[in-house]
Structure formats: C-alpha cells, structure tokens
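1. Compute the structure for the input listed below.
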Amino acid sequence: MEPGLLLHFLAVVALAGYFHTVTGFGLDIIVMGATSGLEMLSVASVAAVISLMMLVNCLVSLPGKLKFIDWRAVGAAVLGIGPAILTCFYCYVMSAV
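-> Residues are numbered from 1 along each chain as shown. Just a heads-up that it's a prediction; the model follows:
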C-alpha cells in the first residue's frame, strides 16, 4: 500500500472513530462507505480491517464489564450463528468446486 493511500485510509478511520465515539455506532458504515466510494481498497480488505478494529474495540472496552453480559443470550446467539456460518462456508466452498 502506498503511503498516500494509507494516510487517506487512516484519515477515514480517524473520522469514523470520532463519529463512533460521539454517537456509539457507525464506525463500520462510515469506513465501508467512504473507502468503497472513493475506491481506496477492495470491499473484502476493508471488511477484514473493520472486523479487526471491532475486535480490538471490544477487547479494550469490555474488561471489568464482563459481569454485565447476559451469557444466556450470548449462548443462544452462538448456537444460532455458529451452525449458520459453518453451513454458509460449506455451501460457498462447494459452489466454488
């Protein structure tokens, strides 16, 4: 990645981070919209970066607050999402063959 593109991408991420701090949502919407609209990077690359950013965001904000998590709801979500992700991945791999 060339330095100019990296600086523009970091500027978009900084703006989105500020908006997310003020409103509590919108980081991924702004980054995905701005980078795809300005044709900075591929959508797949930006989605991977956003996933990592959200993971870091959760790791930074959750310590000390784990007692407030509804673990039954998390378990229900994992029971629904886990098989769905595996099924979709399997269908994707089989369609590529």
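
2. Now the element after the helix-or-strand element of the chain with minimal mean pLDDT, going C-ward?
-> Lowest by mean pLDDT, DSSP states H and E among the helices and strands of the chain is helix 43-61, with a mean of 83. Once helix 43-61 ends, the next helix or strand along the chain (criterion: DSSP states H and E) is helix 71-96.

3. Point out where this structure drops to low pLDDT.
-> 1, 97 (pLDDT under 70).

4. In space, not sequence, find me the middle residue of it.
-> Of all residues in the chain, the one closest to the mean position by CA atoms, centre = their mean is residue 51, 2.9 Å from it.

5. need the contact list for it.
-> Residue 51 makes no contacts at all, as judged by CB atoms under 8 Å, 6 or more residues apart in numbering. In this view, the C-beta of every residue, glycine as well, is placed from N, C-alpha and C.

6. Neighbours of residue 9, how many?
-> Neighbours of residue 9 under the rule other CB atoms under 10 Å: 20.

7. Does it touch residue 36 like I think?
-> No. In this structure, residue 9 is not within contact of residue 36 by CB atoms under 8 Å, at 11.9 Å.

8. how about stretch 75-82: buried residues?
-> For stretch 75-82, the neighbour count (16 or more other CB atoms under 10 Å) marks no residue as buried.
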